[in-house]
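Chemist: A predicted structure for the sequence below; I have some questions about it.
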Amino acid sequence: MSPRPRDDERLAGEEIAIVGAGFGGLSAAAYLAGAGADVTVYERNEHPGGYAGRIERDGFRIDTGPSWYLMPEVFDRFFGQFGRSTDEFYELTELDPLYEVVWKDGDRATMPADRAGQKALFESYESGAGGRLDAYLDDAAEAYELGMDRFVYPSRSRLRDMVDLDVLRSGRALPKLRTMDDYVGDYFENEKLRQIAEYKLVFLGGSPYNTPAIYTLMSHVDMNLGVYHPTGGIASVVDGMAALATDLGAEIRTGTPVTAIEPSITASGPKFEVASGSSGGGAGTGAAASTGRFDRVVANAAPPHVERDLLPDEFARREAYWESRTYAPSAFLMYFGVEGDVDLDHHALVLPTDWRPHFETIFDDPAWPDDPAYYVHVPSKTDPEAAPEGHEAVFVLVPLAPGLGDGPETRERFRDLVLDDLAEHASVDFRDRIVFEESASVSDFRERFNAPGGTALALSHTLGQTGPLRPAHRAPGVEGLYYVGAYTNPGIGMPMCLLSGEHVAEAVIEDAAGDGVLPSVVPTSTLR
């Protein structure tokens, strides 16, 4: 498709480089190109998407990262702002049941998509819990509307944003600053019901014991708004975003890692020399080593990597700051092509009745868990593109502490432990029917994505790293450099990274217009 005619020229004449084609980078590319900028996106991997990669092999197609399509209105809003719609790029199926929970004591439950079914499920575990579920989900809906309308859709990372009257009226959210587990305990005593209410925190890189209760909003996200699956998987969403950005005029260079960002100050303002090379192989549009000159750079790479490895030594690296952060979990991931049936729903959670020890091995005393909680995704239950006839595609995710050693023997031992556990506790045994297998773990995330400690997500959503307390979009000490993606506001998750791209574009447009910048309200704007 040829670039559409531009009706927004606020960034006309601006040359902007984007480092990384994850969800944040692709979103920023669309917004910046749509505002008239000449945008070049550098992506080191064969395909755009970042963590949202893909395996295409022997008739199987499996997402390598995110697999839950939540908050569909955020995606609709993104494409709609460019006069497009999601159904131009991919087809959605609403899941019912939403997911399945398998407890290791032999209990098993499915979460219906309708409220009446959800209430009946909760009531079966605790008398009166069905009625309290109504109150809990009403509260979760209020938290969602409050968070989205006043903190997420608007970009709030500076002093003037925090004195907005809408924010000051949000004082009723203060009780939700205690931990999620404490807050959920006001509604449900049964441990299994509390797990159902709290498991979504893993998507945010937190635990029920260190994440503020404002994230009850995640219960609204799945139980009220629904869970969906795009045909072709999350990779289809990535392809749609890349197609949109290209249609708007952005150039996406895959197989082209950035090796250095060299800022300089000229009479006309900041300039950047961006050095890139070819990662070799693949079917992307990678090129031989080269250098481009740009007015601004938006980094969808991990900020600690940008400051340590890409910027010259004279620029602040904030090493002490980044070392003091709480990073979200890493993960042990397994991808299987399986002959025959796998008796699990599209999404399944396999949980010990007491999952606190697993969270302790992530956040308190880092270690490989002995009794893991984990997630199993079988997209072929819904999506015919995921596996050849008579086969299933299976994805297993076990959250881990970042920084763990994961040598071949450790990975093989843990693989066997999880598959044994799945056979014993979920009665799902496909060990002798595997036709292909791949895996990823801590060291892979560290090497492929320059992720600190090999985190699979970014910075955790602890109270001190939530909302405007996350790193700002404007990189401190380097005029014209910006950050986008899960490390910044509003945070982790595909919808949040979409919005991060919008927010960083707003910052670029404001700076290009010379409107001026007030200092950040948080210490992330300091050099140390």
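Modeler: Right, received. Where do you want to start? Residues are numbered from 1 along each chain as shown.

Chemist: So what's the residue count around residue 360?
Modeler: Close neighbours of residue 360, defined as other CB atoms under 10 Å, add up to 16. Any C-beta I mention is one placed from the backbone N, CA and C, and that applies to glycine too.

Chemist: can you give me the offset of stretch 256-267 from its chain's centre?
Modeler: In terms of CA atoms, centre = their mean, to the nearest Å, the centre of stretch 256-267 is set 27 Å apart from its chain centre.

Chemist: which other residues reach that stretch?
Modeler: Residues outside stretch 256-267 that contact it (CB atoms under 8 Å, 6 or more residues apart in numbering): 17, 19, 42-44, 270-279, 284-287, 289, 297, 299, 301, 306, 310-312, 315, 478-481.

Chemist: Go through those residues and flag which are in helices.
Modeler: Using DSSP state H to define helices, no part of the contacts of stretch 256-267 is located there.

Chemist: Pop out the phi and psi values for the residue nearest the centre of the chain.
Modeler: With the centre of the chain defined as its mean C-alpha position, the nearest residue by CA atoms, centre = their mean is residue 493, 2.9 Å away. Main-chain torsions, residue 493, degrees, to the nearest 10: phi 110, psi 150.

Chemist: Residue 407 too?
Modeler: The phi and psi values for residue 407, taken as degrees, to the nearest 10, are phi -60, psi 170.

Chemist: pLDDT weak spots in the stretch 151-300 of the chain?
Modeler: 151-177, 267, 279-288 (pLDDT under 70).

Chemist: Tell me the strands beside the helix or strand hosting residue 93, with direction?
Modeler: Per DSSP states H and E, residue 93 falls inside strand 92-94. Using DSSP bridges, strand 92-94 pairs in its sheet with strand 228-230 (antiparallel).

Chemist: Name the residues of the strand it pairs with that are buried.
Modeler: By neighbour count on 16 or more other CB atoms under 10 Å, the buried set for strand 228-230 is 228, 229, 230.

Chemist: One more: stretch 113-128?
Modeler: Within stretch 113-128, the residues scored as buried using 16+ other CB under 10 Å are 118, 119, 121, 122, 125, 126.

Chemist: Put the buried members of the contacts of stretch 256-267 into a PyMOL selection.
Modeler: In PyMOL syntax, the buried subset of these is picked out as below (16+ other CB under 10 Å):
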select buried, resi 17+19+42+43+44+270+271+272+274+276+277+278+279+284+286+297+299+301+306+310+311+315+478+480+481
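
Chemist: Mind checking which of the contacts of stretch 256-267 land in strands?
Modeler: Secondary structure assignment by DSSP state E places 17, 19, 42, 270-276, 297, 299, 481 of the contacts of stretch 256-267 in strands.

Chemist: Is residue 406 within a helix or a strand, and which one?
Modeler: Per DSSP H and E, there is no helix or strand for residue 406.

Chemist: for it, what are its contacts?
Modeler: Contacts for residue 406 were tallied using CB under 8 Å, 6+ apart; they are 332, 441, 442, 443, 454.

Chemist: Count the neighbours of the third one for me.
Modeler: Going back to what we said before, that points to residue 442. 25.

Chemist: what's the spacing between stretch 196-210 and its chain's center?
Modeler: Computed by CA atoms, centre = their mean, the chain-centroid distance of stretch 196-210 equals 14 Å.

Chemist: Make residue 1 into 43 and carry on from there
Modeler: Sure, I'll start counting at 43 from here, so that last one is stretch 238-252.

Chemist: Check the separation of the first and last residues in it.
Modeler: The straight-line separation of the ends of stretch 238-252 (CA to CA, to the nearest Å) is 17 Å.

Chemist: Equivalent analysis for stretch 477-486, please.
Modeler: 23 Å.

Chemist: Same question for stretch 437-453.
Modeler: From start residue to end residue, stretch 437-453 stretches across 16 Å - CA to CA.

Chemist: can you pull the buried residues of that stretch?
Modeler: Neighbour count says stretch 437-453 has 437, 438, 439, 440, 441, 442, 443, 444, 446, 448, 453 buried, by 16+ other CB under 10 Å.

Chemist: Next up, the contacts around residue 275.
Modeler: Under the criterion of CB under 8 Å, 6+ apart, the neighbours of residue 275 are 96, 103, 104, 105, 109, 421, 425, 427, 428.
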